[in-house]
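1. Please work out how this folds:
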Amino acid sequence: MRKLLILNCASTATGIVRLNELLIKLFERYEIDFKIFNLTDKIGNLTEFSHLLITGSAFFASRENEHDEKLYEIVQQFTDKSILGICYGHQMLAKALMSQNVCRKSTTPELGWRKVNLVRNFLFKGISEPVFYQSHFEEVFGLSNDFSIIATNSNCDIQGFQYKNLPIWGVQFHPEVTFAYGQKSIANNRTKFVAKGDFFQDELKYPQQIEQNFKIFENFLKS
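-> Have a look, this model is predicted:
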């Protein structure tokens, strides 16, 4: 029986609520039971879950924080199941699997709608020439040969990976983000991070272009 554990890594109470709302709308369309927890929740028995989703966050993966060990322990309990990490979740998943810090500040941060080059992979079935929402100042680097790089673009060499041909994936971009959610986040972040430079880019031709991005979750849940 499939059951999804979603680890909402948002760093503020407002962020947790907002991301929960987005995730509930997304996963209600699929025939799978799911539960959402944040990093401060006591999760309890993990054996009932078949899939783990780790979300993005305003935390920086290159720095230690009080929730790291908890996240690493959860990942270790899912290495014989299915895992998908998104943005911060992608970075922390890489750290957990490598048992070392493989995250660093990005030379070119990304904010906005960006094209990503995909390698043929089960996770990307049904997706072609995609444009994804991006919002990150850090990136993964220095992965071992246990990892296959399955997505890249001109700003970030590791936009996605698969671990040991297992159903364990990380993606730097945000396939869960709708057009409305993304536009609001872009407006907020451009104001918030203007002092660090305006890294906004828009390669989206029309809003419907991102509809195919949700196939990533269909594929993940079938793994």
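2. what's the least confident helix or strand in the chain, going by average pLDDT?
-> helix 179-192 (a mean of 85; mean pLDDT, DSSP states H and E).
3. beta partners of residue 117?
-> Taking DSSP bridges, one obtains residue 152 as the residues bridged to residue 117.
4. Count the residues that sit near it.
-> 13 (other C-beta atoms under 10 Å). Bear in mind the C-beta positions are built from the backbone N, C-alpha and C, glycine included.
5. got it, and the one 4 residues further on?
-> The number of residues packed around residue 121, counting by other C-beta under 10 Å, is 16.
6. Let me see the contact set for it.
-> When contacts are counted by C-beta atoms under 8 Å, 6 or more residues apart in numbering, residue 121 touches 150, 160, 162.
7. Would you mind putting those residues into CSV with neighbour count alongside?
-> Putting the contacts of residue 121 into CSV (neighbours: other C-beta atoms under 10 Å) gives the following:
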residue, neighbour count
150, 21
160, 27
162, 20
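8. Out of the residues you listed, which comes closest to residue 201?
-> Set against residue 201, the nearest of those by C-beta to C-beta is residue 160 (18.4 Å).
9. Could you check how far the closest one is from residue 93?
-> Residue 160 is 11 Å from residue 93, where distance means C-beta to C-beta, to the nearest Å.
10. Which pLDDT value does the model give the most centrally placed residue in the chain?
-> Note on the chain: the residue nearest the mean C-alpha position is residue 86, at 0.6 Å, using C-alpha atoms, centre = their mean. Looking at residue 86, its pLDDT stands at 98.
11. ok, it to residue 206 distance?
-> Residue 86 is 24 Å from residue 206, by C-beta to C-beta.
12. the strands in this structure, which residues?
-> Using DSSP state E, the strands of the chain run over residues 3-8, 33-38, 51-54, 82-86, 103-115, 117-118, 131-140, 147-152, 160-163, 168-171, 200-202.
13. Now tabulate those strands in a markdown table and tack on distance to residue 223.
-> Below are these laid out as a markdown table (distance: least, C-beta to C-beta, whole Å):
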| stretch | distance to residue 223 |
| --- | --- |
| strand 3-8 | 11 |
| strand 33-38 | 15 |
| strand 51-54 | 8 |
| strand 82-86 | 5 |
| strand 103-115 | 25 |
| strand 117-118 | 17 |
| strand 131-140 | 20 |
| strand 147-152 | 14 |
| strand 160-163 | 10 |
| strand 168-171 | 9 |
| strand 200-202 | 31 |
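14. who wins for proximity to residue 212 among the ones you listed?
-> With C-beta to C-beta as the yardstick, what comes closest out of these is strand 131-140 (9.6 Å).
15. Lovely, talk soon.
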